[in-house]
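>>> Need coordinates for the following:
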Amino acid sequence: MASFIDRAALSLLGAVAYYLFFLNATGSIPLACAVAFACTALSHMLLRGLPVVHHATAAQARAELMRIAGLDDEAAGSALEALILRRWPGEPFRLAPVLKHPEATLSSGDVLNAWKANRDAERLVIAATCPCEPRAAFYARELRNPVVAIVDSHRLKRLLRTLPADQLPRPPRYSPKATIRRLWAGLVSTRSSTRSALLALWMLGIYSLTGNVWYLFPGLAVAAHAGLALIRHGSGRRLFEDDC
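This next block holds a predicted model:
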């Protein structure tokens, strides 16, 4: 679908460019429309015979980065090093992979640990499968012996998207059930507090006294969030829940 939208948008832009050019050259709207249509069709015929390389999608890049994060250090380091050398082939360096979940962050402590473990190198590349914190990036630029460059998950995804799509496995199919479960986990992940309950009671009390709906809906939202958090705060009946 994304490729179809891209082709349609490019075709539309090309047709508009042809139309404006011939309208300025001829001054006739019907003639400019006809010539623009003919030129657009001819361009499609010429481009159809050219080889088209379909690059990896954003979903494929995310899935591949998650796969690399789950590998052992040696295998992940080899995959990340090959990816970085493909983009910067003429720069020697030592690679220090930091394998974390893509939703985690690369901290200043992670940078310091990698730097101390590679003091005998001249150039160090820290390849992290998670985003880099701004403070950690600033700290890395101050390090010497070795100098440090950080390639975090944002840069790795851009590198992965330059690969042909057939070199990466297809991402898992979209699952509405899994999406609902992630949303539910996000709702109940925060622990309930007395302050949240008191805030909900205060807002609902203001609504009951004044009738102002601006206090009703936020109060209900805070109360619902506090109640969902109580569900998560409970110990549960089983240690491992069945995947249903």
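
>>> what about the strands in the protein?
Assigned by DSSP state E, the chain shows strands spanning 94-98, 123-128, 147-151.

>>> Kindly present those as CSV, with separate columns for mean pLDDT.
Formatted as CSV, those follow (pLDDT from 0 to 100):
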stretch, mean pLDDT
strand 94-98, 96
strand 123-128, 96
strand 147-151, 96
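
>>> Out of these, which is the most enclosed?
Mean neighbours per residue, mean count of other CB atoms under 10 Å, is largest over the strands of the chain for strand 123-128, with a mean of 23. In short, each C-beta sits where N, CA and C put it, glycine included.

>>> Nearest to Leu12, out of the strands of the chain?
In terms of CB to CB, the element of the strands of the chain nearest to Leu12 is strand 147-151, at 36.4 Å.

>>> That closest one versus strand 123-128: what angle between them?
30 degrees (axes from the mean of the first three to the mean of the last three CA atoms, to 10 degrees).

>>> related to what we said a few turns ago, how about TSV for the strands of the chain, with distance to Ala56 added?
TSV is the format used below for the strands of the chain (distance: least, CB to CB, whole Å):
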stretch	distance to Ala56
strand 94-98	20
strand 123-128	18
strand 147-151	17
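
>>> Out of the ones you listed, which gets nearest to Leu65?
Per CB to CB, nearest to Leu65 of the strands of the chain: strand 123-128, 10.2 Å.

>>> can you list contacts of that closest one?
For strand 123-128, contacts defined as CB atoms under 8 Å, 6 or more residues apart in numbering pick out 77, 80-81, 84, 91-98, 100, 106, 110-111, 114-115, 118, 140, 146-153, 156.

>>> if we can go back for a sec, quick one, which of the strands of the chain is nearest to Thr210?
strand 123-128 (51.3 Å).

>>> what pairs with the closest one, and is each one parallel or antiparallel?
Applying DSSP bridges to the sheet, strand 123-128 is found paired with strand 94-98 (parallel), strand 147-151 (parallel).

>>> Pick out the least confidently modelled helix or strand of the chain, by mean pLDDT.
helix 176-188 (a mean of 63; mean pLDDT, DSSP states H and E).

>>> Now for the nearest residue to Met203 once chain neighbours are set aside: which residues touch it?
Nearest residue to Met203, sequence neighbours excluded (CB to CB, 6 or more residues apart in numbering): Gly219, at 3.2 Å. Contact analysis of Gly219 by CB under 8 Å, 6+ apart lists Leu199, Ala200, Trp202, Met203, Leu204, Ile206, Tyr207.

>>> how much space between Gly219 and Gly211?
As judged by CB to CB, to the nearest Å, Gly219 and Gly211 stand 13 Å apart.

>>> before we move on, what about Pro131?
From Pro131 to Gly211 the distance is 46 Å (CB to CB).

>>> More neighbours: the two, which one.
Taking other CB atoms under 10 Å, Pro131 and Gly211 do not tie; Pro131 has more neighbours (18 against 9).

>>> Same question for the longest helix belonging to the chain: list its buried residues.
For the chain, the helix with the greatest residue count under DSSP state H is helix 2-26. Using 16 or more other CB atoms under 10 Å as the test for burial, helix 2-26 gives Gly14, Ala15, Tyr18, Tyr19, Phe22, Leu23.
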